[in-house]
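K.L.:
generate coordinates for the sequence data below:
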Amino acid sequence: MRLTRFLLPVVLVLSCTACMSIYRMPAGTPSASLRVPPGATTWICADGPAQILPREKDGRARIPAGQRITVGANFSSSDGYMNYFCSAGVSLLPDQDARYYQDFETEGNMCSALVYRETEDTRVGLAFEPTMGRSGPGCTR
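P.N.:
You can find the predicted model right below:
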């Protein structure tokens, strides 16, 4: 029974990303860096359908700069009685060589995605990303 409570959320996340391919940024494309949330499957829509956004060992992923993209995450958890699944995305227009932080927040059965720009100008090291907007309708996942 305990194993079932653990495996069901894992199966949900995998089933939602099973049809997605892995994102490969085209060579020579200007890029930015995105720190992605742990424990979630992160995806990107950049001129096409959603693809899994691979992270490197440092927890960061390269994203294309100079074009509007949508990034998001699929999250699954269990409290022992209920299994929760949530998927949220947000669009932004990254600047070349900028560093971003993706936050994925859950509360009950609701979730949201936010993106902050990493900066040394603030005490917390993060600033609200002014180009952030809703996930576009062209992003299918």
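K.L.:
by mean pLDDT, which helix or strand of the chain comes out lowest?
P.N.:
helix 2-17 (a mean of 44; mean pLDDT, DSSP states H and E).
K.L.:
C-terminal to that helix, what's the next element?
P.N.:
strand 31-35 (DSSP states H and E).
K.L.:
any idea how far that next one is from the chain center?
P.N.:
Per CA atoms, centre = their mean, to the nearest Å, the displacement of strand 31-35 from the mean C-alpha position of its chain is 12 Å.
K.L.:
give me the helices and strands touching that strand, please.
P.N.:
Contact here means 3 or more CB pairs under 8 Å, 6 or more residues apart in numbering; DSSP states H and E; on that basis strand 31-35 packs against strand 60-64, strand 99-107. Backbone N, C-alpha and C define where each C-beta goes, glycine included.
K.L.:
the last one pairs with which strands, and in what direction?
P.N.:
For strand 99-107, the pairing partners within the sheet under DSSP bridges are strand 31-35 (parallel), strand 110-118 (antiparallel).
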